[in-house]
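In: Fold the following for me, if possible:
(2 chains)
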Protein chains: 2
Amino acid sequence: MAAIHTLFATSMGIDTHQEPVVFIRADSEVCRAEGFNANTRIEVSVNDRSLIATLNVVTNEVLPARHIGFSRIAWQRLALAGHEMVTVRHAPVLHSMSAVRKKMYGNSLSHKEMNDIISDISQHRYSDMQIAAFLTACVERLNTDEVIALTQSMVASGKRLSWPDRLQLVDKHCIGGLPGNRTTPIVVAIASAAGLVMAKTSSRAITSPSGTADTMEVLTRVHLDLAEIQATVRKANACLAWGGAVNLSPADDMLIRIERALDIDGTGQMVASVLSKKIAAGSTHALIDIPVGPTAKVRSQATAENMASLFETVGKALKLKVCCLITEGNEAIGYGIGPAQEARDVLAVLQCQPGAPADLRERALFLTAHLLNMADRGELSETTALARELLQSGQAWQQFQRICEAQGGLKSIPEAACSLPLGARHSGTLLAMDNRRLARLAKLAGAPYSPAAGLRLHAKLGQALAMGQPLFTLYADSQGELDYAADYYAHNHDLFMIGEAP
Amino acid sequence: MAAIHTLFATSMGIDTHQEPVVFIRADSEVCRAEGFNANTRIEVSVNDRSLIATLNVVTNEVLPARHIGFSRIAWQRLALAGHEMVTVRHAPVLHSMSAVRKKMYGNSLSHKEMNDIISDISQHRYSDMQIAAFLTACVERLNTDEVIALTQSMVASGKRLSWPDRLQLVDKHCIGGLPGNRTTPIVVAIASAAGLVMAKTSSRAITSPSGTADTMEVLTRVHLDLAEIQATVRKANACLAWGGAVNLSPADDMLIRIERALDIDGTGQMVASVLSKKIAAGSTHALIDIPVGPTAKVRSQATAENMASLFETVGKALKLKVCCLITEGNEAIGYGIGPAQEARDVLAVLQCQPGAPADLRERALFLTAHLLNMADRGELSETTALARELLQSGQAWQQFQRICEAQGGLKSIPEAACSLPLGARHSGTLLAMDNRRLARLAKLAGAPYSPAAGLRLHAKLGQALAMGQPLFTLYADSQGELDYAADYYAHNHDLFMIGEAP
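Out: This is a model prediction of the structure:
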């Protein structure tokens, strides 16, 4: 067997995000004896714990002799306190990368191959570069069996919630692509006010300026563990939690991080991501909202129908009842884009404020009616009336407050440090807006990492505008980010189309 | 415009291989004001130079306040000396990543899109993860026009050699996949002894245990700059240099580094890589050797013919005369695998030693005869006789020494620190060997990073073996690597098939 090399652990105080990095001196015996180089993948063990990490070789005195430095995530994953003796060796051969290469060449993967890849990823054996290669190889190239295998593997990679005394647990999801389309908190409030049980876990943004979890985090605590989710649902019949904190489908969270860096979101990957979360959460029913529009994530009815069919087939194979709704997606929903701005719209609708965005309200009612219908609460005409009554009577708002209280209390929405109002460049009717570039604009301003960052629209499609009339306001936490976004807008005025009404 | 943030430059003494990394304190004003996080891509400028780097946020006292730390490659690329004032800002939006995403979705790229990607990569604007995504998206999915565009873009990314007084400049290349197939030094020696001019630049190994440049580096200096290559060719009519040192097709070198980490080697990418080097070196003729065998890189005659056709078409479009030879590739060539071991075989053939590997010699003669024929030096029967005569008479060996002298002198071959002879597990005839796993075995022993590492075969296919008779010897520079390779072999005895002769 190979010689055992031991070193003393020390924290480098360097944050390398999710990829574990360790630091060893170039002049150390272990580098020479084991043939370690910069970027070698090595296995670090302490007691019964081990970790695969990327090596950075240190060429000067930042590290004492006979020590190994850890990046923050490597330090946390090995649960180190300092000065432990750790052993290092070459990382074992990563067999599942052969399957990734097979996929790159366009071949199909077996259930076992897919499972091996996801298992290795969830055990942190892949470098960011290897995860990037796996995701890229899968974009638009997964067949239905592979998506089923991927979904099952992602469920198997983490914990599962069980609800012994519940026959029904319903969920909803929007595939995204429409900035500001923050219906989930409203749907959950109304539907649970109607008696449905919803253990809603949501993701953070992948490529958008805000995910439901980002928006909800502005309003209450969303970082709940499994016991807290179960307690919240017992108390309030529903929750609105972040899914990433509960180790449901943890592989998915690691994939999403790289998808975000590469700005990709393939269909098969997305279906597996969404359904794995639902299945791991113990759901029996899932309603999926697929907005279609020229600048939405899905641009044609045919693509939407294929996606709906894949969702329903994979759901059926995994014993989850899935129903897809294809909805109109021509413009941003509501007025706010970015976590805090979207939270303002959500509260306006729930509190039935006079200026509440009608499009957000009507869309939430439409989805809730379908969800109640799917869960056998009556014909669509009946469930539509019920949903509206629960919203208008204030019962949904009371129910929303009950959920937030159970999660730790309702918070006040943060204000951005910097803002910049921007007016119409000329007079005319607002004819179109480019959802993708609007989303990018909000991201450049700092959303979702800075919750108060984003933008607020002051006009909707079809509205007549005078020259200089406020079109939207940019919000950011720092002048640098505000300038960065404003600079992008200066080169992209045409993301709003203002002209003669047809 | 965005605020300008200045920091003092300091070297961190951390080697992150080729990806530039910079370190900034989490408590710094610039992180707060610009919204910088771990893994943010930022642009660092000093005087008229700038660099895109990945940010690692530093959470303790390893970095003084108001300083920015640089990894070794970032420090080198910005040509810093220490304590310069540098400015930092968010990296500009990388437009060419949209084209990468387009390719992921299976769409074709225009010449301009391909050129933008390669230009950004060669200017170090891509992270390793982004390069991995680009390469993966291209594996087996480039059409002929895209390969032509990729080849041209790679040529345009670097310098070009010109040879004003030469009408012919010939080159040869083997696509690889056969361990030990080190014909190039022999072919160059014989062909240039016959009067052909060969400014041969070779690559280091991509996924193999040794590239021609790795093997030649054992014998002489290969790290030549452009002027040295030209001087060597003037002196000796030929050179055997590493291509990476001369900035010919530098984008290719960056792609190869990531291909190596992911262990991939797509056809279109490979054709572009090979031909871009030839064109940038000013070649007029190129002979390509494509070995075919069940465990070689190319496994079927049909694949080899497609590859040959792509080589010839792309060559023609770029005014390079290309001729492909499809050769037998059932077993490793010669006895040595790994830089030093292959160099021993090369010298044995050139010096006409009694134990020289006949298969390596005959293959080199065959290729040289075709090269001479392609360059109008006579019918194949004539060029075959000429090549053999030049080898047997010692003229090729003299010519080889002349080339090495011109490059800095012939070196003595290094000995490995550790070795382990391994015998046949039972008696019988050696029926087959798995080239891929043989290559992996040599790599696990440390090749090509440790030049003396690798293995030496003691038997060829068809040879009868007694139980325990030496089959091969493993070589490594450290006991750790030797153990690592031996452990792999313990689980892969069947990479040699020993049985009844048919």
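
In: need the next SSE after the helix or strand of chain A with the lowest mean pLDDT, C-terminal direction.
Out: The least trusted helix or strand in chain A, going by mean pLDDT, DSSP states H and E, turns out to be helix A:29-34, with a mean of 74. Where DSSP states H and E defines the elements, the next helix or strand beyond helix A:29-34 is strand A:41-46.

In: in the helix or strand following that next one, what counts as buried?
Out: Downstream of strand A:41-46, the next assigned helix or strand under DSSP H and E is strand A:49-58. Neighbour counts over strand A:49-58 (16 or more other Cβ atoms under 10 Å in any protein chain shown) mark A:Ser50, A:Leu51, A:Ile52, A:Ala53, A:Thr54, A:Leu55, A:Asn56, A:Val57, A:Val58 as buried. To be clear about C-beta, it is placed using only N, CA and C from the backbone, and glycine gets the same treatment.

In: From the residues you listed, list the ones also adjacent to chain B.
Out: The residues of the buried residues of strand A:49-58 that also fall near chain B, by Cβ under 8 Å from any Cβ of the partner chain, are A:Asn56, A:Val57, A:Val58.

In: just curious, which of the residues you listed is nearest to chain B?
Out: The shortest approach to chain B among these belongs to A:Val57, at 4.2 Å (Cβ to the nearest Cβ).

In: which strand residues sit across from that closest one in the sheet?
Out: Residues in a beta bridge with A:Val57, per DSSP bridges, are A:Ile24, B:Asp15.

In: Just list the residues touching the residue in the stretch 251-400 of chain A that chain B sits nearest to, thanks.
Out: Proximity of the stretch 251-400 of chain A to chain B (Cβ to the nearest Cβ) peaks at A:Leu262, 5.2 Å away. Contact partners of A:Leu262, counting by Cβ atoms under 8 Å, 6 or more residues apart in numbering or on different chains, are A:Ala132, A:Leu135, A:Thr136, B:Met97, B:Arg101, B:Met129, B:Gln130, B:Ala133.

In: Of those, select the buried ones using a ChimeraX command.
Out: Buried subset of the contacts of A:Leu262, written as a ChimeraX selection, criterion 16+ other Cβ under 10 Å:
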select /A:132,135,136 /B:97,101,129,130,133
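
In: As a markdown table, the contacts of A:Leu262 with pLDDT and distance to B:Gln401 would be great.
Out: As requested, the contacts of A:Leu262 are exported to a markdown table (pLDDT from 0 to 100; distance: Cβ to Cβ, whole Å):
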| residue | pLDDT | distance to B:Gln401 |
| --- | --- | --- |
| A:Ala132 | 95 | 47 |
| A:Leu135 | 96 | 51 |
| A:Thr136 | 95 | 48 |
| B:Met97 | 95 | 50 |
| B:Arg101 | 94 | 53 |
| B:Met129 | 92 | 46 |
| B:Gln130 | 94 | 45 |
| B:Ala133 | 96 | 46 |
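
In: just the contacts of A:Leu262 now: which is nearest A:Glu146?
Out: A:Leu135 (13.4 Å; Cβ to Cβ).

In: circling back: between all of the buried residues of strand A:49-58, which two are separated the most?
Out: Every pair of these checked by Cβ to Cβ; the farthest is A:Ser50 and A:Val58, at 21.7 Å.

In: Next, give phi and psi for A:Lys321.
Out: Main-chain torsions, A:Lys321, degrees, to the nearest 10: phi -80, psi 120.

In: How about the residues of the stretch 51-200 of chain A by chain B?
Out: Within the stretch 51-200 of chain A, the positions adjacent to chain B are A:56-62, A:71-72, A:89-90, A:93, A:97, A:101, A:104-106, A:127-130, A:132-133, A:135-137, A:139-141 by Cβ under 8 Å from any Cβ.

In: Ignore what I typed, I meant the stretch 251-400 of chain A.
Out: When proximity is defined as Cβ under 8 Å from any Cβ, the stretch 251-400 of chain A approaches chain B at A:Ile258, A:Ala261, A:Leu262, A:Asp263, A:Ile264, A:Gly266.

In: sorry, back to before: closest to B:Leu350 among the buried residues of strand A:49-58?
Out: A:Val57 (37.4 Å).

In: OK, contacts around the closest one?
Out: A:Phe23, A:Ile24, A:Arg25, A:Ala26, A:Cys31, A:Phe36, A:Asn37, A:Ala38, B:Ile14, B:Asp15.

In: Dump these into TSV; add neighbour count and distance to A:Phe8 as well.
Out: As requested, the contacts of A:Val57 are arranged in TSV below (neighbours: other Cβ atoms under 10 Å in any protein chain shown; distance: Cβ to Cβ, whole Å):
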residue	neighbour count	distance to A:Phe8
A:Phe23	24	12
A:Ile24	24	11
A:Arg25	23	12
A:Ala26	15	17
A:Cys31	21	16
A:Phe36	25	17
A:Asn37	14	22
A:Ala38	21	21
B:Ile14	28	18
B:Asp15	19	21
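
In: Take those residues and write them to TSV, including distance to B:Ala280.
Out: TSV is the format used below for the contacts of A:Val57 (distance: Cβ to Cβ, whole Å):
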residue	distance to B:Ala280
A:Phe23	37
A:Ile24	37
A:Arg25	38
A:Ala26	33
A:Cys31	35
A:Phe36	34
A:Asn37	28
A:Ala38	27
B:Ile14	33
B:Asp15	29
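
In: And the residues of the stretch 251-400 of chain A next to chain B, which two are furthest apart?
Out: Using Cβ to Cβ, the pair of those lying farthest apart is A:Ala261 and A:Gly266, separated by 14.7 Å.

In: on that earlier part again, could the buried residues of strand A:49-58 be laid out in TSV, adding pLDDT?
Out: What follows is those, written out as TSV (pLDDT from 0 to 100):
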residue	pLDDT
A:Ser50	92
A:Leu51	92
A:Ile52	93
A:Ala53	93
A:Thr54	91
A:Leu55	91
A:Asn56	89
A:Val57	88
A:Val58	88
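
In: Adding distance to A:Arg182, write those residues out as a markdown table.
Out: Formatted as a markdown table, the buried residues of strand A:49-58 follow (distance: Cβ to Cβ, whole Å):
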| residue | distance to A:Arg182 |
| --- | --- |
| A:Ser50 | 42 |
| A:Leu51 | 38 |
| A:Ile52 | 38 |
| A:Ala53 | 38 |
| A:Thr54 | 38 |
| A:Leu55 | 43 |
| A:Asn56 | 41 |
| A:Val57 | 47 |
| A:Val58 | 46 |
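
In: Tell me the one among the residues you listed nearest to B:Arg204.
Out: For the buried residues of strand A:49-58, the residue nearest B:Arg204 by Cβ to Cβ is A:Val57; the value is 19.1 Å.

In: can you list contacts of the helix or strand containing A:Ala241?
Out: Taking DSSP H and E as the definition, one finds A:Ala241 inside strand A:238-242. By Cβ under 8 Å, 6+ apart, the residues outside strand A:238-242 that reach it are A:184-185, A:188-189, A:191-192, A:196-204, A:212-213, A:216-217, A:220, A:222-224, A:228-229, A:232-233, A:399, A:403-404, A:406-407.

In: what's the offset of stretch A:76-88 from the middle of its chain?
Out: Mean C-alpha position of stretch A:76-88 versus that of the full chain (Cα atoms, centre = their mean, to the nearest Å) differs by 31 Å.

In: what's it in contact with?
Out: The contact list for stretch A:76-88 (Cβ under 8 Å, 6+ apart) reads A:4-11, A:20, A:22, A:24, A:30, A:34, A:42-46, A:49-51, A:68, A:70, A:124.

In: mind listing what's buried in that stretch?
Out: Buried residues in stretch A:76-88, defined by neighbour count with 16+ other Cβ under 10 Å: A:Arg77, A:Leu78, A:Leu80, A:Glu84, A:Val86, A:Val88.

In: does the last one sit in a helix, a strand or a coil?
Out: For A:Val88, the secondary structure call by DSSP: H, G, I helix; E, B strand; the rest coil comes out as strand.

In: beta partners for it?
Out: Counting by DSSP bridges, A:Val88 is bridged to A:His5, A:Val44.

In: mind checking pLDDT for it?
Out: At A:Val88, the predicted lDDT confidence score is 92.

In: before we move on, back to that, okay, and which of the residues of the stretch 51-200 of chain A next to chain B map to helices?
Out: Counting by DSSP state H, these place A:Arg72, A:Met97, A:Arg101, A:Met104, A:Asp128, A:Met129, A:Gln130, A:Ala132, A:Ala133, A:Leu135, A:Thr136, A:Ala137 in helices.
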